[in-house]
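Asks: With the input below, show me the fold.
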Amino acid sequence: WIGYSPLFYAREMGWLKEEQIELVSVVSLGESAHLFNAGSSDVFAGTQHEFFAQREAHSDLMPIMLLDKSYGGDMIMSNSSIEQLADSSQKVDVYLEVDSINHDLLNYFIAKHHIAKDRLIIHNLSQDEISLIKSSTITQPVIIVTYNPYNLELVDNGFKVIADTKSSKELFVVDAIYASSAFYNS
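Replies: Model prediction:
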């Protein structure tokens, strides 16, 4: 994710090594939180979704560095317009990473546009798998919750952005680094 560039830059400049900080790259924010829970890392990066999920198990969890606020990088794409999705009674295939901020964005979107949850057929896939979906092979409505750069291939595959964190004031995603207050204070 481009928002973590400052961390990668600091690693490449040698600044993290000077401070005896090792940056562990993972494939998902869920994996980052999992390493934290397993005691394999002292801090983890994630969105507010991971923060609130981890705070249930770690009551002293706190953000120690805010990295970025999504400004169009997180989005909802579809082969239908918002009006078509809201006015239809058809089932809707939804593709997203379920245990992530994507799920929060989906819940916001369907509540705002009065799309019944019982119409949704949820498909929990990685963004790599989702980016391969082609609009031309699908006959029913589709909602895809994704983020940059995966949206670029989806646009090429016939999907359109119908909501994002730039055009919607209510869609709010922030990335941060989190640690226990005990670790932070030490």
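Asks: residue contacts, S167?
Replies: S167 sits next to G72 when contact means Cβ atoms under 8 Å, 6 or more residues apart in numbering. All C-beta atoms are positioned from the backbone trio N, CA, C, and that covers glycine.
Asks: Relative to Y71, how far out is it?
Replies: 10 Å (Cβ to Cβ, to the nearest Å).
Asks: ok, the residue nearest the centre of the chain to A45 distance?
Replies: Centroid check for the chain by Cα atoms, centre = their mean gives I101 as the closest residue, at 4.2 Å. As for I101, its distance to A45 is 12 Å (criterion: Cβ to Cβ).
Asks: Quick check: neighbours shared by those two?
Replies: Shared contacts of I101 and A45, defined by Cβ under 8 Å, 6+ apart, comprise L29.
Asks: Neighbouring strands of the longest strand seen in the chain in the sheet, and parallel or not?
Replies: For the chain, the strand that runs over the most residues, judged by DSSP state E, is strand 61-69. Within its sheet, and counting by DSSP bridges, strand 61-69 is paired with strand 174-180 (antiparallel).
Asks: Next secondary structure after the partner strand?
Replies: Sequence-wise, the next helix or strand downstream of strand 174-180 (DSSP states H and E) is helix 181-185.
Asks: name the helices or strands packed onto that following helix?
Replies: In terms of contacts (3 or more Cβ pairs under 8 Å, 6 or more residues apart in numbering; DSSP states H and E), helix 181-185 is packed against strand 61-69.
Asks: For the residue lying closest to S89 once chain neighbours are set aside, grab the count of nearby residues.
Replies: Spatially, and ignoring its direct neighbours in sequence, S89 is nearest to R119 (7.3 Å; Cβ to Cβ, 6 or more residues apart in numbering). As a burial measure, R119 scores 15 neighbours (other Cβ atoms under 10 Å).
Asks: can I assume R119 is in contact with D93?
Replies: No - counting by Cβ atoms under 8 Å, D93 is not a contact partner of R119; they are 10.3 Å apart.
Asks: Touching the least confident helix or strand in the chain by mean pLDDT from outside, list them.
Replies: Across the helices and strands of the chain, mean pLDDT, DSSP states H and E gives its lowest value to helix 29-37, namely a mean of 89. For helix 29-37, contacts defined as Cβ under 8 Å, 6+ apart pick out 24, 26, 41-47, 49-50, 53-54, 57, 97, 99-101, 178.
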